[in-house]
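In: Using only what follows, build the 3D model:
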Amino acid sequence: MTSISDSFQTLRDRQQCALIPFITAGDPDLETTAQALRILDRNGADFIELGVPYSDPLADGPVIQAAATRALQKGTKLEQVLEMLQVVSPNLKAPIILFTYYNPILHRGIKPFLKKIAAAGVRGLVVPDLPLEEAEELIQTAASFGIEVILLVAPTSSKDRIEAIAHQSQGFIYLVSVTGVTGVRAQIQDRVKDLITDLRNVTDKPIGVGFGISGPEQAHQVKEWGADAVIVGSAFVKRLAEGSPTEGLQAVEQLCRELKTAITESLRESPSLQEVR
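Out: Numbering: from 1, shown residues only. From the prediction side, this is the model:
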């Protein structure tokens, strides 16, 4: 499977902005998760971020927290998620980025954890509660398994810290568009545009913006500000959870198409803004 970095280089050569949907594994069940991965892959996702359900998701707002709780109540465990991925990932064009907190990694051991997720086809890893100062071991070990560790830049990060994170982050830089957890926002903060500029001044690595994109209009705005990728989570998670699994999958497919259109074409009209990651 193509690496995160190589996939971004291909997109840059084509002057295309990437779409990165996020869904929570096991909500409403792992069979639906597998179908959602295939649907997202067929309908414009360039990468797919898959969240491992966790009991104390500090970075996530109510929509994704609720999804994680439902998945855990169903008995979803990391090993089951990886078994599902091992079957699905070989047939996906979009590289899988796993989103997990650091405790499950420490519990299993860094090297055994990375070996397992690499065997399942994971190519990127986001660990929101991993401090930059403690990331080196994970980054170096992950590289030996062909996995790129993607670090987050917050709106409150100083220029010195932005530069340090940009230097260490692999694959791309995950720019958080809001201060606080994921959740509902009415608009993208103008500060994001300045942060993209600050990052461009210190690195040529791709920049993905997340935690604040609700729909096509916001996705288009972030792309116009110069982002290399737009990351959308809660909007997908909420749609997948509404109605029956079939209805949820249909809603996810429609949203994916709308977002892809928004970052590849000019918007003729402004759609309504709803939930965001």
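In: In contact with the nearest residue to residue 3 once chain neighbours are set aside, which residues?
Out: Nearest in space to residue 3, with sequence neighbours left out and distances taken as C-beta to C-beta, 6 or more residues apart in numbering, is residue 123 at 5.9 Å. Bear in mind the C-beta positions are built from the backbone N, C-alpha and C, glycine included. By C-beta atoms under 8 Å, 6 or more residues apart in numbering, the contact list for residue 123 reads 1, 2, 3, 4, 95, 96, 97, 146, 147, 148.
In: C-alpha coordinates for the helix or strand hosting residue 196, PDB please?
Out: With secondary structure defined by DSSP states H and E, residue 196 is part of helix 191-200. Provided in PDB are the C-alpha atoms of helix 191-200 (Å, rounded to 0.1, in the frame of the first residue of the first chain):
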ATOM      1  CA  ARG A 191      -6.700  32.200  12.800                       C
ATOM      2  CA  VAL A 192      -6.400  29.000  10.800                       C
ATOM      3  CA  LYS A 193      -5.400  30.900   7.700                       C
ATOM      4  CA  ASP A 194      -2.600  32.500   9.700                       C
ATOM      5  CA  LEU A 195      -1.500  29.200  11.100                       C
ATOM      6  CA  ILE A 196      -1.300  27.700   7.700                       C
ATOM      7  CA  THR A 197       1.000  30.600   6.700                       C
ATOM      8  CA  ASP A 198       3.100  30.100   9.800                       C
ATOM      9  CA  LEU A 199       3.600  26.400   8.900                       C
ATOM     10  CA  ARG A 200       4.400  27.200   5.300                       C
END
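In: And the next helix or strand past that helix?
Out: Next in sequence after helix 191-200, counting helices and strands by DSSP H and E, comes strand 207-210.
In: still on that earlier bit, looking at the contacts of residue 123, spot the one nearest residue 10.
Out: The shortest gap between residue 10 and any of the contacts of residue 123 belongs to residue 2, at 7.8 Å (C-beta to C-beta).
In: now the closest one: how far from residue 149?
Out: 17 Å (C-beta to C-beta, to the nearest Å).
In: Looking at those two, which has the bigger crowd around it?
Out: residue 149 (23 against 13; other C-beta atoms under 10 Å).
In: thinking again about what came up before, where does the residue nearest to residue 3 land in three-state SS?
Out: Secondary structure, DSSP: H, G, I helix; E, B strand; the rest coil: residue 123 is strand.
In: Need the contacts of residue 123 in JSON lines (columns: distance to residue 73, secondary structure and pLDDT).
Out: Formatted as JSON lines, the contacts of residue 123 follow (distance: C-beta to C-beta, whole Å; DSSP: H, G, I helix; E, B strand; the rest coil; pLDDT from 0 to 100):
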{"residue": "1", "distance to residue 73": "32", "secondary structure": "coil", "pLDDT": "70"}
{"residue": "2", "distance to residue 73": "35", "secondary structure": "coil", "pLDDT": "86"}
{"residue": "3", "distance to residue 73": "35", "secondary structure": "coil", "pLDDT": "94"}
{"residue": "4", "distance to residue 73": "32", "secondary structure": "helix", "pLDDT": "97"}
{"residue": "95", "distance to residue 73": "29", "secondary structure": "coil", "pLDDT": "98"}
{"residue": "96", "distance to residue 73": "24", "secondary structure": "strand", "pLDDT": "98"}
{"residue": "97", "distance to residue 73": "25", "secondary structure": "strand", "pLDDT": "98"}
{"residue": "146", "distance to residue 73": "34", "secondary structure": "coil", "pLDDT": "97"}
{"residue": "147", "distance to residue 73": "29", "secondary structure": "coil", "pLDDT": "98"}
{"residue": "148", "distance to residue 73": "32", "secondary structure": "strand", "pLDDT": "98"}
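In: Would you check how far apart the residue nearest to residue 163 when sequence neighbours are not counted and residue 212 are?
Out: Using C-beta to C-beta, 6+ apart and skipping the chain neighbours, the partner closest in space to residue 163 is residue 202 (4.4 Å). Residue 202 sits 22 Å away from residue 212 when distances are taken as C-beta to C-beta.
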